[in-house]
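**Student:** What follows is a protein structure lacking sequence information:
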């Protein structure tokens, strides 16, 4: 009889513990690729990499004193049709959002491909790594 009573108490306790579970679930990060010259739809907004203005990032395979940075021009068209053009410098530090409206936040997290020693990147191969938060 004690065994049954112990078993019932354990089952009730585990059911109560599950009901009290307050584990926070992290929202997944959404990354989008925004290619040069192509409008990338993000909700009711679009983002386009207009051009890479500067790419002085230290190439893979090289020894550099400075990590370098990249400067890009982006165009954002919001759901109202307003066109916003911004120049963004990417230097390895997480920058603030390039666009915030109605709970939508758009961050530029990097420029790819990364340069390598002895090769030149074709301008049409560039794309932005874009993080989207709602």
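**Tutor:** Yep, that arrived. Since the structure is predicted, the reported quantities are computational estimates derived from the model, not experimental observations.

**Student:** Return the set of buried residues in the strand ranked longest in the chain.
**Tutor:** Assignment by DSSP state E gives strand 45-55 as the longest strand of the chain. Of the residues in strand 45-55, those with enough neighbours to count as buried (16 or more other C-beta atoms under 10 Å) are 45, 46, 47, 48, 49, 52, 55. The C-beta positions use only the backbone N, C-alpha and C, and glycine is treated the same way.

**Student:** Take those and lay them out in TSV including pLDDT and distance to residue 90.
**Tutor:** Listed next are the buried residues of strand 45-55 as TSV, based on pLDDT from 0 to 100; distance: C-beta to C-beta, whole Å:
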residue	pLDDT	distance to residue 90
45	94	20
46	94	20
47	95	15
48	95	16
49	96	12
52	95	10
55	93	9
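
**Student:** Among those, which one lies nearest to residue 76?
**Tutor:** Within those, distances to residue 76 taken as C-beta to C-beta reach their minimum at residue 47, with 5.3 Å.

**Student:** residues in contact with that closest one?
**Tutor:** Contacts of residue 47 were listed using C-beta atoms under 8 Å, 6 or more residues apart in numbering, and they are 32, 34, 39, 40, 74, 75, 76, 98, 99, 106, 128, 130.
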